[in-house]
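Participant: Kindly return the folded structure for what I paste below:
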Amino acid sequence: MVEQVFILSAGDEKAVEKVIFDENLHYIHLVFGRDEGLPEHYSNANLYMTVIRGRLSIGLDEQEIHEYKAGTLLKIPFHTKMNVKNLHSETLELILVKAPAPIS
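Facilitator: Numbers count the residues shown, from 1 in each chain. I've put the predicted structure just below:
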């Protein structure tokens, strides 16, 4: 078998799955319920964030929180302050790609 196969979790339980974490890229699957999210932090790479389902509430640098619905892809530059949250009752599911992969 030439290809590698990765299975993402299904469901509504909180998940932060590091699906692919290698020298080329980081591919992370995230699932958050209402009022869940990531701790505020600075991006350590160029980020590509896809909203799979639900609505993303995200504050970047000093901007107010913006909301993005399913089907939206955000490109977030390196070293941007991020506050990623689900402020809604529906489950939020995201795919986060860091490329190139951060160096430690």
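Participant: Which stretches in the chain count as strands?
Facilitator: Along the chain, counting by DSSP state E, strands occupy 15-21, 26-32, 41-42, 47-53, 55-60, 66-69, 73-76, 81-85, 92-98.
Participant: Mean pLDDT and distance to residue 2 added to those strands, as a markdown table?
Facilitator: For the C-beta atoms, the positions are set from N, CA and C on the backbone; glycine is no exception. Conversion of the strands of the chain to a markdown table gives the following (pLDDT from 0 to 100; distance: least, Cβ to Cβ, whole Å):
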| stretch | mean pLDDT | distance to residue 2 |
| --- | --- | --- |
| strand 15-21 | 96 | 16 |
| strand 26-32 | 98 | 19 |
| strand 41-42 | 96 | 36 |
| strand 47-53 | 98 | 25 |
| strand 55-60 | 98 | 35 |
| strand 66-69 | 98 | 35 |
| strand 73-76 | 98 | 28 |
| strand 81-85 | 98 | 35 |
| strand 92-98 | 98 | 22 |
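Participant: Residue 16 touches residue 36, doesn't it?
Facilitator: No. With contact defined as Cβ atoms under 8 Å, residue 16 does not reach residue 36; the gap is 10.1 Å.
Participant: Tell me which of those two has more neighbours.
Facilitator: Neighbours around residue 16 and residue 36, counted as other Cβ atoms under 10 Å, are more numerous at residue 36. The numbers are 15 against 12.
Participant: State the distance from that one to residue 94.
Facilitator: 12 Å (Cβ to Cβ, to the nearest Å).
Participant: If I look at the closest residue to residue 14 other than its chain neighbours, what pLDDT would I see?
Facilitator: The shortest distance from residue 14 to any residue that is not its chain neighbour, by Cβ to Cβ, 6 or more residues apart in numbering, is 5.6 Å, and that residue is residue 36. We have a pLDDT of 98 for residue 36.
Participant: contacting residues around residue 36?
Facilitator: Residues in contact with residue 36, defined by Cβ atoms under 8 Å, 6 or more residues apart in numbering, are 14, 85, 86, 92.
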